[in-house]
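# Everything below, folded, please.
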Amino acid sequence: MRLSPQQIMVIRQTVAELAGAATRVWLFGSRVEDAARGGDVDLLLEMDEPVPEPAALAAKVALRVSRSMYGRKVDVLIKAPNLTQFPIHQIALAQGICL
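The predicted structure is shown next:
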């Protein structure tokens with residue numbers, strides 16, 4: 001995994017503040033591969049409760065994490081009971097690392 005302990009801590013704190021402490025955070029994509037280089041940060045937020053404004057939540061998390069990583073591009077997916085699930089959600093859970 002290509003995130004520092006400090007970056008993981010910031011991601012977890014940001015998600016807890018914006019989405020709630022019960023939210024599980026998954027890192028997936030190229031940052032999971034130790035041998036890869038560069039790449040954006042792909043996060044999946046897994047929530048047990050419905051999310052009333054998922055686009056706003058994803059944007060807020062992405063912005064705050066990106067700022068903490070000096071402008072690194074951050075993509076955020078949300079998995080919640082009230083949202084449509086796509087194949088990318090299953091890929092993220094199958095290949096990702098829970099932070």
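
# Reduced to three states, what does the residue positioned nearest the centre of the chain come out as?
The centroid of the chain falls nearest to residue 43 when counting by CA atoms, centre = their mean (2.1 Å). Of the three states, residue 43 takes strand under DSSP: H, G, I helix; E, B strand; the rest coil.

# Can you tell me, leaving aside adjacent residues, what's nearest to it?
In space, not counting the residues next to it along the chain, residue 43 is nearest to residue 76; the distance is 5.0 Å by CB to CB, 6 or more residues apart in numbering. Bear in mind the C-beta positions are built from the backbone N, C-alpha and C, glycine included.

# In the host helix or strand of that neighbour, which residues are buried?
Per DSSP states H and E, residue 76 falls inside strand 74-79. Residues of strand 74-79 classed as buried: 74, 76, 77, 78, 79 (neighbour count, 16 or more other CB atoms under 10 Å).

# before we move on, what about stretch 46-56?
46, 47, 51, 54.

# Of those, which belong to strands?
residue 46 (DSSP state E).
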